[in-house]
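Peer 1: here's a sequence, model it:
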Amino acid sequence: MKLITVEALFAAENAAKSAALFEDHAPSVRDMAGCNSYDLYADPNDAGNIVIVQRWESMSQFDNYRQSDAFAQLGAGLKPMMTAPPVTTICSVDPT
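Peer 2: Numbering: from 1, shown residues only. Prediction:
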């Protein structure tokens, strides 16, 4: 199983809008083949710091998500609001 984290930074004034875009996007990702979880976390002490934690059955299924229209649309909406490039970390984990 793949555990993926994506850390994204936004200006404080864009924090609510960026979180809403992630949340709007989440149901379609959760319905994709191989997605076990897709959750958003925001730092209450830093309004512009958002982390998405995802679990995928395989790297190929995560790659299918990254090549999807949904991923492209989310990126197009979020990139103009980011204050730095997102940081993605991918790990292999035992699901038990």
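
Peer 1: state the distance from residue 29 to residue 12.
Peer 2: 26 Å (Cβ to Cβ, to the nearest Å). For every residue, glycine as well, the C-beta is placed using N, CA and C.

Peer 1: oh sorry, the question was meant for residue 30
Peer 2: The separation that residue 30 has from residue 12, given Cβ to Cβ, amounts to 28 Å.

Peer 1: what does residue 61 give?
Peer 2: 34 Å.

Peer 1: quick revisit: out of residue 29 and residue 12, which sits in the more crowded spot?
Peer 2: residue 29 (19 against 11; other Cβ atoms under 10 Å).

Peer 1: format the CA atom coordinates belonging to the helix or strand harbouring that one as PDB.
Peer 2: Per DSSP states H and E: residue 29 is located in helix 15-30. Only the C-alpha atoms of helix 15-30 are listed here, as PDB (Å, rounded to 0.1, in the frame of the first residue of the first chain):
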ATOM      1  CA  ALA A  15      -6.900  29.200   3.200                       C
ATOM      2  CA  ALA A  16     -10.600  28.700   3.400                       C
ATOM      3  CA  LYS A  17     -11.000  28.800  -0.400                       C
ATOM      4  CA  SER A  18      -8.200  26.300  -1.000                       C
ATOM      5  CA  ALA A  19      -9.600  23.900   1.700                       C
ATOM      6  CA  ALA A  20     -13.000  24.100   0.100                       C
ATOM      7  CA  LEU A  21     -11.500  23.200  -3.300                       C
ATOM      8  CA  PHE A  22      -9.900  20.200  -1.700                       C
ATOM      9  CA  GLU A  23     -13.100  19.100   0.000                       C
ATOM     10  CA  ASP A  24     -15.100  19.500  -3.200                       C
ATOM     11  CA  HIS A  25     -12.600  17.300  -5.000                       C
ATOM     12  CA  ALA A  26     -12.400  14.600  -2.200                       C
ATOM     13  CA  PRO A  27     -15.500  12.600  -3.000                       C
ATOM     14  CA  SER A  28     -14.500  11.900  -6.600                       C
ATOM     15  CA  VAL A  29     -11.000  10.800  -5.500                       C
ATOM     16  CA  ARG A  30     -12.400   8.600  -2.700                       C
END
